[in-house]
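[1] sequence unknown, structure follows:
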């Protein structure tokens, strides 16, 4: 399906397209009652943070251990699979 999408973008918009594989296990939306705690986590994990179309932070775990470690160490942060 990505080939079809790439072809349409190239044809309709005349934009070169290249898809690259990412080594990610899963994504989790982040939330916390204390904004400072959330900001500190985001600042310390910039390479594993993205933002969705609403501007909300998303944690990109590279494997199951990475996710579990973050959840274990950050009890004040909620890691949710859906928004």
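    That came through fine. As the structure is a computational prediction, the values presented were derived from the model and not from experiment.

[2] check the offset of the helix ranked longest in the chain from the chain's centre.
    In the chain, taking DSSP state H as the definition, the longest helix is helix 2-13. Centre-to-centre, helix 2-13 and its host chain are 24 Å apart (CA atoms, centre = their mean, to the nearest Å).

[3] need the next SSE after that helix, C-terminal direction.
    Later in the chain than helix 2-13, the nearest helix or strand by DSSP states H and E is strand 26-32.

[4] give me the mean pLDDT for that next one.
    Averaging pLDDT along strand 26-32 yields 99.

[5] which residues are contacting the helix or strand of the chain with the lowest mean pLDDT?
    Lowest on mean pLDDT, DSSP states H and E among the helices and strands of the chain sits helix 2-13, with a mean of 94. Contacts to helix 2-13, defined as CB atoms under 8 Å, 6 or more residues apart in numbering, come from residues 15-17, 19. For the C-beta atoms, the positions are set from N, CA and C on the backbone; glycine is no exception.

[6] a markdown table for those residues, including pLDDT, distance to residue 76 and neighbour count?
    Compiled in a markdown table, the contacts of helix 2-13 are given as follows (pLDDT from 0 to 100; distance: CB to CB, whole Å; neighbours: other CB atoms under 10 Å):
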| residue | pLDDT | distance to residue 76 | neighbour count |
| --- | --- | --- | --- |
| 15 | 95 | 42 | 9 |
| 16 | 94 | 44 | 8 |
| 17 | 93 | 40 | 13 |
| 19 | 88 | 36 | 9 |
